Structures are given as C-alpha cells and as structure tokens.
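*Asks:* Sequence and predicted model, in that order:
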Amino acid sequence: MTPSVAESAACLDGLLRSRCSVRAFRDEAVPRETVLEILRVAGRAPSNSNTQPWRVHALAGEAIRELEAAITAVFDSGQLPPPHHFPAPLPDEYGARQADFAARYYQALGIDRTDAAARTRQTRRNFGFFGAPVGLIFSIDACLKPHSWLDLGLYLQSVMLAARSRGLDTCPQVSFAPYHAVIAPVLGLPEGQVTVCGMSLGYRDERAPVNGLQMPRRDVSEFVRTMGF
C-alpha cells in the first residue's frame, strides 16, 4: 500500500529532524550489504547532467586502523599546519555560529576551551571515525568545478538520510580533507582524485553526553525571501 502524502512527509521530516552528527559509537558491526544498500540508494541523488561525480571508499576493521595510524602519525608530528576550512576572517554572522558550536561541543565533552591538549586529543579521534565500525572516505575528480562538488554534497545528504532510515547514525568529517597526500596511497586512490571528506557510520552510543548535543537552527524567516506568493 502506497503511503499517503502526509505519511511520506512525516517519515522524511522525522529522518531530517533526528539526523545529527554523532561522535561516539557502539562497538557493533554494520553488515557490508547494509553499507552497500545505503550507498546504492543514495545514488539516486541528483547531479548535473547525471554526471554522478562521487566516489566512495568504505572501510571497516583493519582498513580503518591502517588509515588511522597513517593519518595520526602525521597529525602527531605536526608536519601539517592547522586546516583552514573557512576564509580568514570569517564574516561575523558565520563566526558567531561557529563560536557557539565550539562552546556547546566542548561543554558536552567536558573539555575546557583553554585545555589545548584535551582539544587536540578530541580532534585526533576524528581519524578513527570516533570509534564507528564503518568509515567512509569521499573523493572527486580534481578537475571538476564547484557545481560537481555540490552534487557530491547532495549525495552525502542522501547517504546520511538512508543510514538514518535504517537506524544508523553518521558524522560527516571535513577533517580528513587536508590529509589527502596520506590517504591516497593508503587507499590506492586513482590519480587525479582528491579527498573531499570522511564520514563515520554506525550505531550511536546513547550513553555518550556528546551525542545529546542539540545545535540550534535558524528560523526559515531568517534565510528565506519569498516573492510573488
């Protein structure tokens, strides 16, 4: 029986509202076929002229540990400068929300903002996918333009919603991007591919306070302009 419009809307709205970035996972395996189902159905995401520019590298077990060891060796050595995901200076509007996130995030972790060592240890946990049983690395052809990167973003959102519909949680992680030179040889990425981000995938640890973090969202009136209605 085909669900009604109201039922479909309620289902999708529930997935969107329950999706959050999870940073502590249970030690419970996710079957390979479940991962492939998620990545397969997410492939229905739209892309410019159906180019489907995304590539995904799905890791578990020893593959995660090998990648983590390679990245953390470089991270611990300080060979790379701190990543800059935003322009400097970041416009005030965005900077205020970034600062609010940081305050809430470290408070949920019980980390004092002035404790640089503890903050570094938490950042380091990114590279083990926060203990998730599955780690995903997303890459794209380096020659492609921003609209193809947007297509990959649509695919990422589709992956997160497909995972959520199966009772799984995710955390998209741009922290992997600066380590492409380390990631490429470990994963055997094709020449010309560039790492865009990673993503943790698994079952959330309900006991972890950081997973109770609820970030505020702007009201639609703050970012939507309507005309002609």
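*Replies:* It's in.
*Asks:* Kindly indicate whether the residue lying closest to D100 once chain neighbours are set aside is helix, strand or coil.
*Replies:* Sequence neighbours aside, P216 is the residue nearest to D100 in space, at 7.7 Å (criterion: C-beta to C-beta, 6 or more residues apart in numbering). Every residue, glycine included, has its C-beta placed from N, CA and C. Here P216 is recorded as coil under DSSP: H, G, I helix; E, B strand; the rest coil.
*Asks:* burial count for P216?
*Replies:* By the measure other C-beta atoms under 10 Å, the count of residues near P216 is 9.
*Asks:* So for it, what pLDDT did the model give?
*Replies:* Listed pLDDT for P216 reads 95.
*Asks:* For the residue nearest the centre of the chain, give me its contacts.
*Replies:* Residue closest to the average C-alpha location in the chain (C-alpha atoms, centre = their mean): P172, at 0.3 Å. By C-beta atoms under 8 Å, 6 or more residues apart in numbering, the contact list for P172 reads S21, L156, M160, C197, G198, M199.
*Asks:* Can you lay out those residues as CSV showing pLDDT and secondary structure?
*Replies:* Compiled in CSV, these are given as follows (pLDDT from 0 to 100; DSSP: H, G, I helix; E, B strand; the rest coil):
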residue, pLDDT, secondary structure
S21, 97, strand
L156, 98, helix
M160, 98, helix
C197, 97, strand
G198, 98, strand
M199, 98, strand
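*Asks:* Out of these, who's the most crowded?
*Replies:* That'd be G198 among the contacts of P172, by other C-beta under 10 Å, with 26 neighbours.
*Asks:* what number of residues lie near the closest residue to that residue other than its chain neighbours?
*Replies:* Closest residue to G198 apart from its sequence neighbours, by C-beta to C-beta, 6+ apart: F176 at 3.8 Å. When neighbours are counted by other C-beta under 10 Å, F176 registers 26.
*Asks:* Ok, S77 next?
*Replies:* With other C-beta under 10 Å as criterion, S77 counts 8.
*Asks:* can I assume L59 sits in a strand?
*Replies:* Yes. The assignment for L59, made by three-state DSSP, places it in a strand.
*Asks:* Now do the contacts for it.
*Replies:* L67, F129, V134, G135, L136, I137, L187.
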